[in-house]
Structures are given as structure tokens and as C-alpha cells.
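Trainee: for reference, the sequence and a predicted model appear below.
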There are 2 protein chains.
Amino acid sequence: MSATLLSGKPLAAVIQLRARDEAMKLENEGARPVLAVVVATDDESTHWYVRSIERAADRAGIGCRIVDLGPGATEHVLASVLKDLSADPSVNGIILQTPLPAGVGTDALVSHIAPEKDIDGANPLSLGRLAVGQPAFAPATARAVVEILDHYDIPVAGRNVVVIGRSAVVGKPLSLLLLERDAAITVCHSKSGPLERYTETADVVVVAAGRTGLLTGAHVSSRSIVIDVGTNVLADGSLVGDVDEASVLGVAAALTPVPGGVGTVTTALLLLHTAEAAREQSRSLIPGPVG
Amino acid sequence: MSATLLSGKPLAAVIQLRARDEAMKLENEGARPVLAVVVATDDESTHWYVRSIERAADRAGIGCRIVDLGPGATEHVLASVLKDLSADPSVNGIILQTPLPAGVGTDALVSHIAPEKDIDGANPLSLGRLAVGQPAFAPATARAVVEILDHYDIPVAGRNVVVIGRSAVVGKPLSLLLLERDAAITVCHSKSGPLERYTETADVVVVAAGRTGLLTGAHVSSRSIVIDVGTNVLADGSLVGDVDEASVLGVAAALTPVPGGVGTVTTALLLLHTAEAAREQSRSLIPGPVG
């Protein structure tokens, strides 16, 4: 084993503290931040995850309103709830938790999340704003990758970052964030041919494909920094990433673990985004000077 | 000289015919497509370009309404005009032509273009929709690159396309279109380090950086297909791309010329998009079965 493990925990703790700090200031101003999480499933691991957000919010002094519509919720009801929460001045951030009931698509629904409360960057308008450099929340997972690179002083400007996975929640927004940081980015995916063509010469490899064991030691070099965004639940309930840890640890320079890596930072960022959203919203409530 | 020149003209003619065909059908249905072009400059080359769109629209049987607000137009007036055109049922497509008056930013203005009329993909919402796979118009220049590759049977699936330039009008939307076509895409730019690191091994190189002579024969290989998106007007009024044609022609497999390449196709696509927008809008006007 030669690679350094890049734990997400110390960074998550720092971000959690920043969120708490901002939340306390807002509470003193009478504007305690509130995050609403909309759930419409009876999937046990989802409920477990939502409870973990709730506990983290509680520790950060952020209110958490779980809106559990049950697995029978219709698209119409979900849309109404998202519109109501978007209009509700007592709510600062909104997450629509997947999975949704069979037949209900996320695409149309997320458009009902007001961009200023879209703290997990789910609305296509948030992604578009990110692309043109307008203020918008990136999906927390995408930002978590950038924050980890920053935290461990891993430069990306002028370097090649290879992102494996082209999803609208990770691959695409992460590419935008890294371009903003002056990286040369390469996006590959399940249909782009042999991974090693791109990964072998990359400075940083980010794996966000949702496939256990996708990246192995054979794909990387001794210079490679590997960020594992995968969260795959195995049959025995354990959580693993997209990286074959054993073989990559033997070759690469550094690797984020799963669990304890990107996911840990993601949850903390959802809270920081909620506090940031609440701050912005409290500012826009202060009447400006008259015309 | 070994490279094949990939002219845009035959393809532009085909697209122009498709636009004309659709426009004639719509006219027979009493719904002749109309494109509105909003101009607020006295820059002569811009007016020349707008007149060329007008002539092309005329040949395609598409109405063209030039809304010339003059170089003194305020942001407020421009916003009002864009909102009015978005709401006007007699207008099917809208272009906000740059440059704008000093101090007026495009960013806030393009958000006033209704996405269904945003035929040059300028509204960030269009870009966001493109990213998540929802129906949206891509910027015509970005689509022109993909259409040229298709026209000349140049495969991109499983291949590496290197895009030089990260703008919201070409680099980013083009990357999204190419990812959709299963390419592995690499985006580099002025701050990503030596170009040859990426271009030498690329299957296709698209140059959209706005810098004369940026890509030379030293950057490419004999397998390289080079698409030149640059449109730089020299002091003598002549138009050149971002590619050093003389040296690239001696090395690469194929190259699009400037003028007569991507730009020619772009204008034709603006008209096809207008006809497509008019078709969609005429459909949504037909009353559906009563619920």
C-alpha cells in the first residue's frame, strides 16, 4: 500500500462548523435556517440517509423539515408541495429525495424548486446558471469533490482532470466547476472506450459512474490522485465506491475512501448551502434605499 | 497539402432546404415562421451579418423582423423588447445580437428570451435543459459542429474529441452535444497548459477560442479531423479562423475552412431552428382532447 488516504472527515467537520456558525448568526437575527427534505418512498436506506441529514442539521443548528408523502404520492402532489415550499418564506433550502414513486419523473418536478432554494443544484436552471457563471448552487456532491481537492492542496489549474461519469448530478456540474478552476477536463463514460486511454496520463481521476470495482490499479499511475464518488450498497448492506480500493491503493498517489470520503463532505455541504441560501434570502428581505 | 477540406456549403444548402420545406408547410397552414433579431449597435460588421441572416431567411420563406434599437438602447428597453417578443404569438424565434451597448450585460437579458423561442440557445435555462436531456435548442454554432461531423460520416462515439474553448456559446454546449453522442470529450482553454498534450492524440479537434493561428500543424497528427469555429475579422476586413490553415493542411486528415465552414452551417441552422420552433408552437396551439 503506497497511496495516501484522503479522508473527508476533517473537512466535513470544518464545513459543518462553518454552517453552524452562519446558522447561529442567522438565528440571532431571528432567521434560523430551515431545510425541507421531500421524501416519497418506503425504501429503508433512503429513510436512513434522510435521518442522517436531519441529525447533522440538528447539530448545525439548522431546522430540518421532513415532508414524507409516502410511496403513493402522485406527480401532481409532489409538484404542489415543491411549489408551496418554494413560496414559503420560512423554508430556505429544498431537497427532493430520490427514489420517487414508479412512473414519477424527477425532471419536471425539480423545475418547481426555486433556484435560490435549490441547495442541491437539481433544477436545470441551476446547472445552466453554473455553466454561464451566474450565481447558483452546484449539486453538493460535485462541490464536495472540489472542496476535497482544495482541502488537500491538490492543484487542478493547468492539470488534466478525468471525470468518469456524465450524469447531471455529478459528472456535468463537476466538469463546470473544474473548468472554472482552469483545469483541462476530460469526461469519459460507459460508451467512451477503454478508460486507461484517459486515466493513465491524468493528474486527477474522479470516478462517478455507480459501478463497483470500475477503476483498478491497472488504470492509474503512481502520480494519480483518485477521488471516488461512488456509493454502492452491497447485498450485505455495506457501502463501497466505484474504485477497487485494494489495487488502486497499491499504485496511486492518493485516494478518497468510501465511506468517509466524498459522501461525508456532501452532507456537510447541504447544510452549508442551506445556511448560505438563508443568508442570501435574509439580505433580499432587507428593504433597499428608496429609488 | 494532404488534408481534405470539409466545406460547410453543401450541408448548409441541405439544411436551408429543410428549413424552407418546413416553412412552406407552416405557411400553408397559415403559420409562416418568423424570426426576430434584436440589434443595439452601430457596428458595421454586425449589421452586415444581420442582413445576411435576413436574406437567408427570405430565401427559406421565413419572415425576419429586425428590431434595431440603436447603440443607445438601455438594458431596461432591451429587456422589455425581449419580453414582448417572447409573449408575441406572431414571433417564433428570437436572437439577441451582440455586441450590446457599453455597460449592458447579456447575462440578465437572455433570461427574458422564452426557452421555446430561444433558437440560438442563449438563455441559461436552455443550456441547463440540454445538460439534463430535456428538449432545448443548442446554440446554432455548437449544433453546426455536430451536423458537419454527421454530414461527413465522422464517428465520435467511443472517440476522443478535444474542444479548445470553454465558452457558454460554443465550448460548453458542444461538449454536452458530443457527450450525448457518446464521445469522450476533453475541454481545454487558454489556462489549461500546452495544447499538444491533448490535441496530438485526439481523434477530432474543435477550435473555438477566438484566437488567430492558435492551432498549428505542430499540434495535430495525420489522423486529426480539425473543425475550426473561429471567426476573426482581420484589419483588412478578411475573415479567418483559429487555425493556421497552411500548416494544419499539411499535417491533418481533414479541416473545415473559414469562411465556408462552420459559420455557413450556423446561419442555416438558425433558420431550421426557427422553423422547428414554429412547428412546436403551432402544435401547442391545437386544442387537445377535452380531459
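Mentor: All right, it came through fine.
Trainee: phi and psi next, for the closest residue to chain B within chain A.
Mentor: Nearest to chain B, among the residues of chain A, is residue A:128, at 2.9 Å (Cβ to the nearest Cβ). Glycine gets a C-beta too; all of them are placed from N, C-alpha and C. Dihedral pair for residue A:128: phi -60, psi -40, per degrees, to the nearest 10.
Trainee: for the stretch 101-250 of chain A, which residues are neighbours of chain B?
Mentor: Within the stretch 101-250 of chain A, the positions adjacent to chain B are A:107, A:123-129, A:131-134, A:157-160, A:166, A:168, A:172, A:175-176, A:179, A:182-189, A:191-193, A:197-198 by Cβ under 8 Å from any Cβ of the partner chain.
Trainee: from memory the residue of chain A closest to chain B sits against residue B:125, does it?
Mentor: Yes - using Cβ atoms under 8 Å, residue A:128 is in contact with residue B:125, at 5.3 Å.
Trainee: that older thread, what's the separation between the residue of chain A closest to chain B and residue B:131?
Mentor: Using Cβ to Cβ, to the nearest Å, residue A:128 is found at 7 Å from residue B:131.
Trainee: check residue A:115 too.
Mentor: Using Cβ to Cβ, residue A:115 is found at 15 Å from residue B:131.
Trainee: those two: who's more crowded?
Mentor: Neighbour totals were compared for residue A:115 and residue B:131, and residue B:131 leads with 28 against 20 (other Cβ atoms under 10 Å in any protein chain shown).
Trainee: can you verify my assumption that the more buried one contacts residue A:131?
Mentor: Yes - with contact defined as Cβ under 8 Å, residue B:131 reaches residue A:131; the gap is 7.2 Å.
Trainee: thinking again about what came up before, who has more neighbours out of residue A:128 and residue B:125?
Mentor: More crowded of residue A:128 and residue B:125, by other Cβ under 10 Å: residue A:128, with 28 against 25.
Trainee: ok, now which ones touch the residue nearest to that one when sequence neighbours are not counted?
Mentor: Distances taken as Cβ to Cβ, 6 or more residues apart in numbering or on different chains place residue B:128 nearest to residue A:128, at 2.9 Å, with adjacent residues excluded. Residues near residue B:128 by Cβ atoms under 8 Å, 6 or more residues apart in numbering or on different chains: A:123, A:124, A:125, A:126, A:127, A:128, A:129, A:131.
Trainee: mind listing what the last one touches?
Mentor: Meaning residue A:131. Here residue A:131 is in contact with A:176, B:124, B:127, B:128, B:131, B:168, B:172 (Cβ under 8 Å, 6+ apart).
Trainee: just the ones of the residues you listed in helices?
Mentor: Among these, the residues falling in helices (DSSP state H) are A:176, B:124, B:127, B:128, B:131, B:172.
Trainee: rebuild the residues you listed as CSV, extending it with pLDDT and distance to residue B:146.
Mentor: As requested, the ones in helices among the contacts of residue A:131 are exported to CSV (pLDDT from 0 to 100; distance: Cβ to Cβ, whole Å):
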residue, pLDDT, distance to residue B:146
A:176, 98, 20
B:124, 97, 21
B:127, 97, 15
B:128, 97, 19
B:131, 95, 15
B:172, 98, 14
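Trainee: closest to residue B:227 among those?
Mentor: Using Cβ to Cβ, the shortest approach to residue B:227 within the ones in helices among the contacts of residue A:131 belongs to residue B:172, at 16.0 Å.
Trainee: could you give the number of residues near residue A:189?
Mentor: Close neighbours of residue A:189, defined as other Cβ under 10 Å, add up to 20.
Trainee: correction: residue A:251
Mentor: 20.
Trainee: for it, which three-state class applies?
Mentor: The local conformation at residue A:251, judged by DSSP: H, G, I helix; E, B strand; the rest coil, is coil.
Trainee: surely residue A:64 touches residue A:52?
Mentor: No - using Cβ under 8 Å, residue A:64 makes no contact with residue A:52, being 10.7 Å away.
Trainee: the more surrounded of these two?
Mentor: residue A:64 (22 against 12).
Trainee: with adjacent residues omitted, what lies nearest to the more buried one?
Mentor: residue A:57 (3.9 Å).
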